[in-house]
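>>> Pasting a predicted model and its sequence here:
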Amino acid sequence: MKQKLLVAGRITPTLETRLAGAYDVTNLAAQADPAGYLEAHGAEFAALVTNAASGVDNATIDALPNLKVISSFGVGLDRIDVAHANARGVAVGYTPDVLNDCVADLAIALMLDTARGLSASDRYVRRGEWVKAPFPLMRKVSGANLGVVGMGRIGRAIAERAAGFSMDVRYHTRRVVADAPWRHEPSLVELARWADFLIVITAGGAATRHLIDAAVLDALGPKGFLVNVARGSVVDEQALVWALKEKRIAGAGLDVYQDEPNVPQELMALDNVVLAPHIASGTLETRQAMADRVFDNLHSFFAEGRLISAAPAA
Ligand code: NDP
């Protein structure tokens, strides 16, 4: 008999079809009364699939008394209380590493776009302004100073790419990364002061909430650019809007926001801001690899009693 699996966050139709071949799948969002459904049927489910953006709250985990495993589509763990799940005997799987390249690629793309004004110049050409005047001169990226906030799997892929632009790289984390060849900067404000570009790629959650605040933005200064591909919560968005409007920093490239998919009008009105709709891992290849890991985590758990990628409970 197939194990019963609950889909609690949006996943691709292809993954849902593949899951349905191996499990008895129910989509919670398709139920007329999800809370009532959980109350009546919660005890039937052994597995739950969600995505990093939706996560799963503790109330839902607690409503599934026979749950054995959660398999999440994504690497962020800010919306899953792994310690709580583990304490309830529930293993949590996620999809690290397979998205490093694409997230790092997008971070570099946002850095280049903000510095060179690629999106702004596209709008300029389409508005017919090129025939009236040349586009203003922008900032050089190659050879500049890059500060990376967070030096985990993705931070490292970003720093490696920066070598191709002959950039000098330093990073800030709470702990020194022993085998990282770049210089660790224990003070985030000092890193921002040194950097021409600051790319944020820490974990989300309470520990990093508003890590990038007015003081860090002020240290980055009027010639500095901020790129955030981590989580919206890591940046104090109000302080960022203020810094951009007052030209206390030069520009920003953002993939993530405080209240997705709502982007503040004030950000939309600024030409020196590049706004991406949380697409850092959004390529066919990477999303397929992530879907495969979601499936393989479950398969390995039920076949061999262990996940391929178990989420840390920190
Ligand atoms: P890792 O766990 O490998 O790295 C996280 C890094 O953040 C570590 O270097 C850690 O260092 C650092 N960090 C955590 N807390 C702090 C803090 N308070 N101050 C400074 N640094 C901190 O994760 P990944 O590299 O795989 O992914 C990073 C994040 O990227 C994910 O958690 C996710 O939120 C985001 N992400 C965004 C995507 C998007 O679509 N935009 C796609 C994929 C991921 P230390 O613990 O030593 O401080």
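The structure has been received and is ready for your questions.

>>> ok and the residue in the stretch 101-250 of the chain nearest the ligand?
G152 (1.8 Å; CB to the nearest ligand atom). For the C-beta atoms, the positions are set from N, CA and C on the backbone; glycine is no exception.

>>> tell me the contacts of that residue?
T173, I201, T202, A203 (CB atoms under 8 Å, 6 or more residues apart in numbering).

>>> All the strands of the chain, residue numbers only.
Here the chain has its strands, by DSSP state E, at 4-7, 24-27, 47-51, 69-73, 91-93, 145-149, 168-172, 183-184, 197-200, 225-228, 251-254, 273-275.

>>> Is any residue of the fourth one near the ligand?
Okay, so that is strand 69-73. No - with CB under 6 Å from any ligand atom as the criterion, the ligand is not reached by strand 69-73; the gap is at least 10.9 Å.

>>> Quick one: mean pLDDT over that strand.
Strand 69-73 carries an average pLDDT of 98.

>>> what's the answer for stretch 274-289, then?
Stretch 274-289 comes out at a mean pLDDT of 98.

>>> Report how far apart the opening and closing residues of that stretch are.
End-to-end distance for stretch 274-289: 27 Å, by CA to CA, to the nearest Å.

>>> ok, and for it, which residues are buried?
For stretch 274-289, the neighbour count (16 or more other CB atoms under 10 Å) marks V274, L275, A276, H278, A280, S281, T286, R287, A289 as buried.

>>> wait, isn't the first one in contact with M111?
No - no contact is recorded between V274 and M111 when judged using CB atoms under 8 Å, the distance being 9.5 Å.

>>> what is in contact with the two at once?
What both V274 and M111 touch, as defined by CB under 8 Å, 6+ apart, is the set G253.

>>> who's in contact with L38?
L38 touches L28, T60, A63, L64, counting by CB under 8 Å, 6+ apart.

>>> In helices, which of these fall?
T60 (DSSP state H).

>>> what separates stretch 304-314 from the chain centre, distance-wise?
Relative to the centre of its chain, stretch 304-314 is centred 20 Å away, using CA atoms, centre = their mean, to the nearest Å.

>>> Show me what that stretch is in contact with.
69, 71-72, 77, 80, 82-83, 86, 91-97, 293, 296-297, 300-301.

>>> Got a ChimeraX select line for the buried ones in those residues?
Buried residues among those (16+ other CB under 10 Å), as a ChimeraX selection:
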select :69,71,72,77,80,82,91,92,93,94,95,96,293,296,297,300,301
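
>>> Which of the contacts of stretch 304-314 fall in helices?
Using DSSP H, the contacts of stretch 304-314 in helices are V82, A83, N86, R293, D296, N297, S300, F301.

>>> For L198, see how far away the first one is.
This points to V82. According to CB to CB, to the nearest Å, V82 and L198 sit 28 Å apart.

>>> for the fifth one, same thing?
To L198, D296 is 35 Å away according to CB to CB.
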